[in-house]
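Participant: please find the sequence and the predicted model below.
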Amino acid sequence: MIFKNKTKLKLGILLFFASTTAANAQYNTDYKIDQYLDEQTIESNVDIGKDEVITVGTIISNDGIQKHKDILLTRLDKEGNVIWNVKYGRSKIDEVGNGITLSWDEKHVIVVGSFHKDPDLPEEEIKERFALVMKVRIADGTVVWNTLHGESDNDNQAFLVKRGSKLEDPTYVIVGRSDGDEEQSYERMYAFKIKESGDEIWSKRYYLPYNFPISAIHPTSMVENKDGKFLVAGTRHEVNRPTHLFTIGFRASDGAVTEDLFHYPINDIYHVSTVDIDRHPEGKGYALSFTANDLKGDCVEANDLDKDIDRIGVMRLNEDRKVLWTNVYWEKEATNHNGLSIRFYKDELHVCVNINRKKRYNTAGLLRVKEGNGGFIYCNTYHVPEFLTDYGPTGNHMIRSNDDKAYYIKSIYGKWGFAMTKTDVVGKSICDKETELKYCKIKADLKEEKCEAKEYGRYVFKDIPVKEVEVGIDPCEEGHGLAPESDDQGSIGALPLNQAVIYPSPVSENQEIINLKFITDMDETLGNVAIYNSMGQLMANYDLTFITGENKFEFDAKQFPTGLYMVTITTQDEILDRVKFIKN
């Protein structure tokens, strides 16, 4: 059954939201939303016209029985005032919001994410999850319909949504990932197309292996190419191998592959993450931004503050997706960087970035480089409130306004809310600071692989009730309260062979040590423990020797900002286990 027009918002709630916002409020503002999550939200903002924006996120709700995740939509007017905030979900269900786009009639937004029935189940144990799609009315946030897509007993997630080709009737194309066949790939790219009514037209799976099975795939950006075709970019991680950029194209009419899989091994970079793609407005190729993890080689100077810092990556491709140039950028005094979103503008490329300074705080920014050769022009970074000097906003997503005169840059404060910065078309804002970045050219190779789309299972429908949440708004300089701290160090009992446990989890701010424990039957075996954040970025990497029996290791908890982390334990031949922990 399709859920239609259920639970309209009350006028009193709309008035309450309006009355809590100062009359002179403007962008470059922090929106306090308790338990707001930095999930793998990828394309989280949409310009709905008249200088208004709707942004999608995820929030932790607690009904007194069980914590669960709900989708949260926030509509902002042209001055940054909150018009409405609505959360969507129900008890004992996890609903996560990942992507958003404007409907063809421009009176609604289409939101995509995931739907999962057991919030207490660890991520690595989830065996059944559905891709969720909702159509929401812009005027008041009411749900028109929502649908679930994918096969039962499969893990299906939706990340990206675009309006279908202009050559067809109103449709929407959605891309995510799903389970795979372990003999070919542990994960597959998953795409489907729906009508304006939410009915599914087609759905496909795309196996993207090269030499080894894919242990993780993250389609993170999609652009309409030409003649009713779409090009998807993201990262693909082969088992026990580096993580590479990839691009692949398919036809909107039936999902057939039109541009075969290209993946791009980059010299001196072991892992990449947070990939975004934009198409040249005149069709003269593409540009990709990404995060370069574990940079080595000639780009690392002897006097660099931290030789293993993550850097901002930019790659320029021609019309045939061949590499023209690739650069990495970094601030000398910073410890980590992320490249998050990219846009062509005249003869420049503009990149939404996140910079972490001395492992103390994050700040979002906009980097400008020359489109022809990647030469640095300048980088503006934006406000970090004094009360957040140990945290700061993590840059998340950037869109350009429909009239090409402004950028909206969203930054997330883990569990506290988000900030929205509005700049002019070259990144100038009322609270920016010019920042000097170094840059270096690196070499990227191109590898091609034939790819075939295979039919996927049919979708199902389910209802999701709508609830309202009251969300306040505070200016940048006002403080917020921290979550309660805990001294509980946790404990574990006997473990099965090759099954790991990490504790404590969650890790509180005042805890210094994270413990990892697992049992193996291997004697003096070389292994590795890698720790990734929720965006797939490598945060720590340890080469270790595993012994027969109990293996116990301790890691410095202070090096990890607030968020969700995946710990992967491997040998040279296999993955032993994956476990997760949360840092509060």
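Facilitator: Received it, and whenever you're ready, just let me know what you need. Predicted model, so just to flag it, every value in this text is computed and none were measured. Residues are numbered from 1 along each chain as shown.
Participant: give me the domain ranges for this structure.
Facilitator: 266-444, 500-583 (automatic domain parsing).
Participant: the ones you listed: which one's closest to Ala191?
Facilitator: domain 266-444 (15.5 Å; CB to CB). For glycine as for every other residue, the C-beta is placed from the backbone atoms N, C-alpha and C.
Participant: end to end, how far does that closest one reach?
Facilitator: 4 Å (CA to CA, to the nearest Å).
Participant: check the offset of it from the chain's centre.
Facilitator: 15 Å (CA atoms, centre = their mean, to the nearest Å).
Participant: what do you get for stretch 43-58?
Facilitator: 16 Å.
Participant: just the domains of the chain: most buried one?
Facilitator: Mean neighbour count (mean count of other CB atoms under 10 Å) peaks for domain 266-444 among those, with a mean of 20.
Participant: need the three-state assignment for Asp298.
Facilitator: Classification of Asp298 by DSSP: H, G, I helix; E, B strand; the rest coil places it in helix.
Participant: what distance do you get for it to Leu208?
Facilitator: Distance, Asp298 to Leu208, by CB to CB, to the nearest Å: 30 Å.
Participant: cool, Pro281 as well?
Facilitator: Here the criterion is CB to CB. By it, Pro281 lies 28 Å from Leu208.
Participant: likewise Glu434?
Facilitator: 40 Å.
Participant: please enumerate the strands of the stretch 151-300 of the chain.
Facilitator: For the stretch 151-300 of the chain, the strands defined by DSSP state E, counting those that start in this stretch cover 156-163, 171-179, 187-195, 200-206, 214-224, 229-238, 243-251, 257-264, 269-279, 286-295.
Participant: hmm, back to that, as a markdown table, the domains of the chain with distance to Met134 and mean pLDDT would be great.
Facilitator: Shown next, in a markdown table, are the domains of the chain (distance: least, CB to CB, whole Å; pLDDT from 0 to 100):
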| stretch | distance to Met134 | mean pLDDT |
| --- | --- | --- |
| domain 266-444 | 19 | 84 |
| domain 500-583 | 22 | 83 |
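Participant: quick one: closest of the ones you listed to Lys92.
Facilitator: domain 500-583 (19.7 Å).
Participant: thinking again about what came up before, make JSON lines out of the domains of the chain and add distance to Phe130.
Facilitator: Shown next, in JSON lines, are these (distance: least, CB to CB, whole Å):
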{"stretch": "domain 266-444", "distance to Phe130": "24"}
{"stretch": "domain 500-583", "distance to Phe130": "20"}
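Participant: what's the closest of the ones you listed to Gly198?
Facilitator: Closest approach to Gly198 among the domains of the chain is made by domain 266-444 (24.4 Å; CB to CB).
Participant: tell me which residues of stretch 98-107 are tucked away?
Facilitator: For stretch 98-107, burial by neighbour count (16 or more other CB atoms under 10 Å) applies to Asn98, Gly99, Ile100, Thr101, Leu102, Ser103, Trp104.
Participant: which of the residues you listed fall in strands?
Facilitator: Judged by DSSP state E, the buried residues of stretch 98-107 include Asn98, Gly99, Ile100, Thr101, Leu102 as members of strands.
Participant: and which of those is nearest to Val111?
Facilitator: Nearest to Val111 among these: Ile100, at 5.1 Å, using CB to CB.
Participant: figure out how far stretch 82-94 is from the centre of its chain.
Facilitator: Averaging C-alpha positions (CA atoms, centre = their mean) puts stretch 82-94 20 Å from its chain's average.
Participant: now do stretch 524-538
Facilitator: 19 Å.
Participant: check stretch 565-582 too.
Facilitator: 20 Å.
Participant: name the residues that touch that stretch?
Facilitator: Contact with stretch 565-582 is made by 122-124, 215, 239-240, 498-503, 505-507, 514, 516, 518, 520, 522, 525-534, 539, 546, 563-564, 583, as judged by CB atoms under 8 Å, 6 or more residues apart in numbering.
Participant: helices of this structure, start to end?
Facilitator: 11-19 (DSSP state H).
Participant: okay, and for the stretch 51-200 of the chain, where does confidence drop off?
Facilitator: 63-65, 123-124, 167, 181-185 (pLDDT under 70).
Participant: what about Gly249, distance to Asn146?
Facilitator: Gly249 is 29 Å from Asn146, by CB to CB.
Participant: give me the more crowded residue out of these two.
Facilitator: Neighbours were counted for Gly249 and for Asn146 using other CB atoms under 10 Å; Asn146 has more, 25 against 21.
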